[in-house]
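Asks: what follows is a predicted protein model with its sequence.
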Amino acid sequence: MRAVVQRVVRAAVKVDGAEIAHIEHGYAVLVGVSTDDTDADAKTLAEKIAHLRIFDDEQGKLNRSILDVRGAVLSVSQFTLYGDTSGGRRPSFVKAAPPQQAEALYEMFNQHLRSLGVPVETGQFRAVMVVDIQNHGPVTIILDTRA
């Protein structure tokens, strides 16, 4: 699984012009699922994100996790994280998991985060979404369970 984690002061998702989810402080997480991913990947990614230390401490160092600062996650599924452009200019998505597998692992990832004590809001799986991300820092981390 892959994730783009952005530290935010606010993030929101709209579908058909209506806001369906938002958070005020925490992470916007764009999540991609590959054909090779398993339940173990969902759990590993959730644990990594819950304990990732990219919030400032008293000295201004990135030393606090989302649990430490009592933040929330806005989780958005994004199959395009597995877009491969090595063969040209048009991305191939053959490494992206099919929808049924991707949705199950995406939901499992969100449940793991919640079980670790992280409040999670989500986008709508397979919908065309407008994602508003107000990145703070900016701080952006890319995670891959296969790297």
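Replies: Received, thanks.
Asks: buried set for the longest helix anywhere in the chain?
Replies: Longest helix of the chain, by residue count under DSSP state H: helix 99-115. Residues Ala102, Leu105, Tyr106, Met108, Phe109, Asn110, His112, Leu113 are the ones in helix 99-115 that count as buried (16 or more other C-beta atoms under 10 Å). Quick note: C-beta positions are derived from backbone N, CA and C, even for glycine.
Asks: all helices of this protein, in order?
Replies: 39-51, 99-115.
Asks: gap between Val131 and Ala3?
Replies: Distance, Val131 to Ala3, using C-beta to C-beta, to the nearest Å: 14 Å.
Asks: name the residues contacting each of the two.
Replies: By C-beta atoms under 8 Å, 6 or more residues apart in numbering, Val131 and Ala3 have these common neighbours: Leu30.
Asks: nearest the geometric middle of the protein, what residue?
Replies: Centroid check for the chain by C-alpha atoms, centre = their mean gives Val29 as the closest residue, at 2.3 Å.
Asks: residue contacts, that one?
Replies: Shown in contact with Val29 (C-beta under 8 Å, 6+ apart): Ala3, Val4, Val5, Gln6, Ile49, Val73, Leu74, Ser75, Val76.
Asks: 10 Å - rerun?
Replies: 3-6, 8, 11, 45-46, 49, 66, 73-78, 109-110, 113, 120, 122, 141, 143 (C-beta atoms under 10 Å, 6 or more residues apart in numbering).
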